[in-house]
Every structure is written in structure tokens, then in C-alpha cells.
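Asker: need a 3D model of the following:
(2 chains)
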Amino acid sequence: MIEKKEKHSTPDILEKYLLESDDLSNELQEIECPEGPSWNIENCCLYALSNVFINPKEVIITADLPMVELETIKVEVNDENLIMISAKMKNKIKFSDFGIFHRNGEFSFLRCKEKVKENIDSKKLEISFKNGILEVRIPKSIHR
Amino acid sequence: MPESIKIVEKKIIPSEATMIIGLPDVGLVGLIATSFLISELKLEEIAYMDSDLLPPVIVLHDGLPKAPLRIYGNQNLIAVISELAVPSPAIYSIMRKIVDWAEEKKVKRIISMGGIPIENRQTIKEPKVFGAASDQKLIEMLNKNGVNLMKEGYIVGAQALSMRYSLSKNISSIAILSQSFYNYPDPQAAAIALKELSKISEIEIDVSKLLEKGEEIRLKARDIMKRTQQEMNKMQKSQEYDLPLYV
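Answerer: Reported below is the predicted structural model:
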């Protein structure tokens, strides 16, 4: 197997360092600052909780999808390895259902998205739904 | 500046009571279980915590302001919940204060309810519950009542501190830990933890309503779960997956 040679010139090292610190700062921001509301009135959606696990062979994404119609669950992967999960809810949910009367809006979908850095083979993704949790397994690919 | 942390009593506090603690943690098991217990037993708010260590937040319920960390009770039971993810740097002082107050009120036993994260939770139909206790007598009591024992392992966070501080004050302390999702709200795990609680106490709760409301709770609890996860990450909660070494 031919291994890619590491770049060792100063600009390359600097670029690598800057990219790494960018990633780190994004990760820190995610930890420190919640991204705002867990809903989007314009898109009529509530954001689902989700997780990404990575093992040597595959990327596993799980999402907690309560109160959804199973047959409406959609999983899409775009060219930038962004995995988008969406499902229609069994009933429309209003803020008033949560006891909130100072906001207006109703929600018909649960959605979430996760971006992965790994090269993945999205054509081979497998989906399962157990105990209210959607599990998406995508094998890693060697080449993009 | 000295840190300000006090428990403001609103009603007469029972003595010789059992204290149940359900703070936001893994799968929100303790919080879901304890707040369900409060509403089923119709416990009254008897005190609340006021502290500069907590974020400047009040919660409105029926239009009335409430402290996020509140204490409920009746003649023989005290229940502590927080509707706010407890900031990780504050957890020591807050737990110390709760246990000090428990000692002052002559609490006879502290039972902290919580979850123990398990990786493949979605494949488990009925999560198991494990108990840990502060002394050998309590371990025997758990055994006798058919509670699985957590014999080795780490407990991290509020439950660890409640046990640590109870030990130093000679208050008997038990942790009831139900297998659960790490960062998804887990009402089923909470229901099973409550069933286990009834084995070791006189608290009898019908959990069928909790199970019926499970999906609604999962939807409603997304925000507090997310904030709790951020605090759990800071306090290295994932250490609960580790194997302890004691040769």
C-alpha cells in the first residue's frame, strides 16, 4: 500500500495547525454555546437529539425520534458528508402542548443533522429503528 | 467573595424522613423518576435552594416564579429535584449543602436516583437496575430485597458526592441506578428505577402513567437533556464506563 507522505514545509505545518485549531475552536463552541432554540417555526420542525459514534469500520448515527410516523423517516446524505434525518410527527405539536402560551407555532417534523469527517460509503447505509431510536450505520470507504 | 448558598424553608420540614434526590444526569433518569414521584404522591414544595452558584434563572409554573432547584415533601419523605442542569463547578457546594441540610433535618436515609449509561440501550427491552450503598448493612438489605448490586465501578457526579458526603456524616445512603441512554431522556429507565425503589422503601408508585407519557416526556426533555450533557461532559461523566483498578 502506498502511504501518503506527510507535508513538512513551514506553510504546510502552519496550515495544518490553523485547520486543527479551527476544528478545536468549533468543538469548544459547540460544548460551550448551545446553538439556540431546539425548534424552527419557519420549517415547522423540532430538532431531535442525535449522536455520532465512529469505529474503525463504520460511522453510526443515532437519533431519538419520539412521536413520529415510522414510514415517514427519511435519511439523506449529501456530497459533504452531511447526514440529514427527518420524520413526520404523528400529530402536530403546538407550543401550547408544552404549556407555553407566550409563543406561537406548530411543528410537524422532527429533524436533525450530523456532519462526519470520515470518508463514508453512503450507498451502503443501513437503517434500523428500535425503542424509539433510529440507528443509521454507514460503512467507511477508503476513497471518496 | 464568599459563595452564597442557602436552603430557604417554606414549610415545616419533617424529621427522620427519607430523602430522594433526582438531579439531571444520565438519561435524566433521576429527574424524571423523582418529579413523577412528586406529582403522583402530591408532595408539596417545602423548600428551595438559593445560590449565586446557580445561573440567574427562575422557572414559571402556572404563572408563578419557582426556583429551579426545589425540595418537596410530606411527613416522611423529602424529594429534591432541579429543573436546571447543575453547573459542574457548583456540584460540590450544592451537594455538600443538600447533605448538610439533610443532617440538620435528621434525614434517616438518602436515596439518589439516576442512570448508568449503557452503549446499546436501544436493543435492551427492560433495563436492569443496580444499587450501591454506603455500608454493609444496607448492601445486605439491597441483596435481601432482590436489588442487583453494583459491586465494582465508578459513579460520577451528584450521586457520587451525595454518597461521599453522606459517608462523612454517617447518614445511610443508597444509589439506585438504572441502565439508560447516556444523553437521550429515558422515561422507561426512570419507571424501572421507581419500581426498584418500591422494593427497598414504602414508596409504592404505579408507573403506568409515566410509561404512557414516555414519548411526550422525551420530546419535552430535549433542551434540559442537551444542557445536562454539556455539564456531564465537563465533569467527565464518561468515566462511568471505565474499569476501576484496585489490586
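Asker: okay, strands next: where are they in chain B?
Answerer: Using DSSP state E, the strands of chain B run over B:5-9, B:18-22, B:44-51, B:59-61, B:64-66, B:69-73, B:77-82, B:109-117, B:129-133, B:148-149, B:172-180.
Asker: do the same with chain A
Answerer: Remark: strands assigned in chain A by DSSP E are A:39-40, A:45-47, A:50-54, A:58-64, A:74-77, A:82-94, A:106-115, A:126-130, A:133-139.
Asker: give me whichever of those is most buried.
Answerer: For the strands of chain A, the largest average neighbour count (mean count of other Cβ atoms under 10 Å in any protein chain shown) is found in strand A:58-64, namely a mean of 23. Using the backbone N, CA and C atoms, a C-beta is placed for each residue, glycine as well.
Asker: what separates it from the chain centre, distance-wise?
Answerer: Strand A:58-64 sits 8 Å away from the centroid of its parent chain (Cα atoms, centre = their mean, to the nearest Å).
Asker: near chain B at all, that strand?
Answerer: Yes. Judged by Cβ under 8 Å from any Cβ of the partner chain, strand A:58-64 comes into contact with chain B at A:62, A:64.
Asker: okay but residue B:23 is in contact with residue B:83, surely?
Answerer: No. Using Cβ atoms under 8 Å, residue B:23 is not in contact with residue B:83; the gap is 10.1 Å.
Asker: can you check which residues contact both of those two?
Answerer: Residues touching both residue B:23 and residue B:83 comprise residue B:31, with contact defined as Cβ atoms under 8 Å, 6 or more residues apart in numbering or on different chains.
Asker: out of these two, which sits in the busier spot?
Answerer: Set residue B:23 next to residue B:83 and count neighbours by other Cβ atoms under 10 Å in any protein chain shown: residue B:23 wins out with 27 against 16.
Asker: so how far is chain A from the more buried one?
Answerer: The spacing between residue B:23 and chain A, counted by Cβ to the nearest Cβ, to the nearest Å, is 19 Å.
Asker: what does residue B:95 give?
Answerer: Computed as Cβ to the nearest Cβ, the residue B:95 to chain A distance reads 23 Å.
Asker: can you check residue B:212 too?
Answerer: Going from residue B:212 to chain A by Cβ to the nearest Cβ gives 13 Å.
Asker: and residue A:97, how many residues sit next to it?
Answerer: By the other Cβ under 10 Å criterion, the neighbourhood of residue A:97 contains 14 residues.
Asker: dig out what residue B:133 forms beta bridges with.
Answerer: Note on residue B:133: beta-bridge partners by DSSP bridges are residue B:174.
Asker: what sits against it?
Answerer: B:139, B:141, B:142, B:172, B:173, B:174, B:175.
Asker: what residues does chain B put near chain A?
Answerer: Proximity of chain B to chain A (Cβ under 8 Å from any Cβ) is limited to residues B:121-125, B:181, B:183-185, B:188, B:214-216, B:218-220, B:222-223, B:225-227, B:230, B:233-234.
Asker: among those, which ones are buried?
Answerer: Taking 16 or more other Cβ atoms under 10 Å in any protein chain shown as the criterion, what is buried in the residues of chain B next to chain A is B:121-122, B:181, B:183-185, B:188, B:214-215, B:218-220, B:222, B:225-227, B:230.
Asker: can you list which of these are found in helices?
Answerer: When these are checked against helices using DSSP state H, the ones located there are B:188, B:214, B:215, B:218, B:219, B:220, B:222, B:225, B:226, B:227, B:230.
Asker: who's in contact with the third one?
Answerer: Pointing back at residue B:215 there. Residue B:215 makes contact with A:66, A:67, A:132 under the criterion Cβ under 8 Å, 6+ apart.
Asker: with residue B:221 as the reference, measure out to the second one.
Answerer: What that stands for is residue A:67. Using Cβ to Cβ, to the nearest Å, we find residue A:67 at a distance of 13 Å from residue B:221.
Asker: neighbour count winner among the two?
Answerer: residue B:221 (23 against 17).
Asker: give me phi/psi at the residue lying closest to the more buried one once chain neighbours are set aside?
Answerer: Ranked by Cβ to Cβ, 6 or more residues apart in numbering or on different chains and with sequence neighbours excluded, the top spatial neighbour of residue B:221 is residue B:185, at 3.8 Å. Geometry field for residue B:185 lists phi and psi as phi -60, psi 140, criterion degrees, to the nearest 10.
Asker: just checking, residue B:185 touches residue B:27?
Answerer: Yes. Taking contact to mean Cβ under 8 Å, the distance of 6.3 Å between residue B:185 and residue B:27 places them in contact.
Asker: phi first, then psi, for residue A:41.
Answerer: Main-chain dihedrals, residue A:41, degrees, to the nearest 10: phi -70, psi -40.
Asker: skipping adjacent residues, who's closest to it in space?
Answerer: residue A:105 (4.0 Å).
Asker: just residue B:187 next, same as before
Answerer: Closest residue to residue B:187 apart from its sequence neighbours, by Cβ to Cβ, 6+ apart: residue B:214 at 4.1 Å.
Asker: go on, residue B:211?
Answerer: The nearest residue in space to residue B:211 (Cβ to Cβ, 6+ apart) is residue B:191, at 5.3 Å.
Asker: what is the neighbour count of that neighbour?
Answerer: Should you count by other Cβ under 10 Å, residue B:191 turns out to have 24 residues around it.
Asker: close enough to count as contact, it and residue B:206?
Answerer: No. With contacts defined as Cβ under 8 Å, residue B:191 does not count as touching residue B:206, sitting 9.9 Å away.
Asker: who touches both of these two?
Answerer: Shared contacts of residue B:191 and residue B:206, counting by Cβ under 8 Å, 6+ apart, come down to nothing at all.
Asker: list the buried residues of stretch B:35-43.
Answerer: Of the residues in stretch B:35-43, those scored as buried under the neighbour-count criterion (16+ other Cβ under 10 Å) are B:35, B:36, B:37, B:38, B:40, B:41, B:43.
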